[in-house]
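Asks: How does the following fold in three dimensions:
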Amino acid sequence: MKTTVIDWNFIPYAEAWQRQTEYFDTLVRAKQNGEEYENVIILCEHPSVYTLGRSGKENNMLLSEAQLEKIGATLYHIDRGGDITYHGPGQLVCYPILNLEEFDLGLKEYVHLLEEAVIRVCASYGITAGRLEKATGVWLEGDTSRARKICAIGVRSSHYVTMHGLALNVNTDLRYFNYIHPCGFIDKGVTSLRQELGSEIPMSEVKQRLELEIKNLLTRS
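Replies: Coordinates of the predicted model:
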């Protein structure tokens, strides 16, 4: 089956969630009925928004509704795994909606694949990134007191079909992470490609590199 990349560019979170849910439901239904379907990889950016996963704790959001409004952000309770995270301008969000069985992947292997794709993108910019035990996502200096997260990952899977995905900080305004305990952590930092490299990175370039790495890894799986 074909895997198509779709770029939604800049899109409100609620609209993106609804549209990816439609893709997800369509793929699940087609799979169950033995019909033709399409795997898609969606790339986009969102206006400032916080999302709290199924296992997330409310007190990891440090602002009231009025304070959220003041900083121009919203909060959504959503159906992915993981705790709270932030999405905003300058952050590359990727929503792969895939039939994992087609790629011979379990959920754990799939998350590992997403992490690997981001690790490789970071390496292409000369940044050494990796994993942190018991902490999904991609980290820099993960096993030190300077541990900082560059990419959050949270997925939902049903009938081996995935939705939600990853959020890679490219040119993100990192101040927005001060208003939460990112992914439930209170003792670890957050970073971005811009923060590490000291200059703005073209989003179109990062999109191309991430798309290439994910496709390459899916082909080999």
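Asks: any chance you could map the helices in the protein?
Replies: 13-33, 65-70, 107-124, 193-197, 203-220 (DSSP state H).
Asks: same for the shortest one, what does it pack against?
Replies: It refers to helix 193-197. Packing contacts for helix 193-197, counted by 3 or more Cβ pairs under 8 Å, 6 or more residues apart in numbering; DSSP states H and E, involve strand 161-169. Any C-beta I mention is one placed from the backbone N, CA and C, and that applies to glycine too.
Asks: Could you export the strand it packs on as CSV, keeping only the C-alpha atoms?
Replies: Extracted in CSV, the C-alpha atoms of strand 161-169 (Å, rounded to 0.1, in the frame of the first residue of the first chain):
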residue,chain,number,x,y,z
VAL,A,161,-3.7,1.6,13.2
THR,A,162,-1.9,4.7,14.6
MET,A,163,-2.7,8.3,15.1
HIS,A,164,-1.2,11.3,16.9
GLY,A,165,2.6,11.1,16.8
LEU,A,166,5.6,13.4,17.5
ALA,A,167,6.4,17.0,18.1
LEU,A,168,9.9,18.2,17.3
ASN,A,169,11.1,21.5,18.7
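Asks: In contact with the nearest residue to Glu116 once chain neighbours are set aside, which residues are there?
Replies: Spatially, and ignoring its direct neighbours in sequence, Glu116 is nearest to Leu217 (6.0 Å; Cβ to Cβ, 6 or more residues apart in numbering). Contacts for Leu217 (Cβ atoms under 8 Å, 6 or more residues apart in numbering) come out as 113, 116-117.
Asks: Find the centremost residue of this protein, please.
Replies: Leu166 (1.4 Å; Cα atoms, centre = their mean).
Asks: Tell me who's in contact with that residue.
Replies: Taking Cβ under 8 Å, 6+ apart, we find Leu166 in contact with 93-94, 114, 118, 137, 151-153.
Asks: List the beta-bridge partners for it.
Replies: Cys94, Ile153 (DSSP bridges).
Asks: Neighbours of the nearest residue to Gly88 once chain neighbours are set aside, how many?
Replies: What sits nearest to Gly88 in space, not counting adjacent residues and going by Cβ to Cβ, 6+ apart, is Ser48, at 4.3 Å. Applying other Cβ atoms under 10 Å, we find 17 residues neighbouring Ser48.
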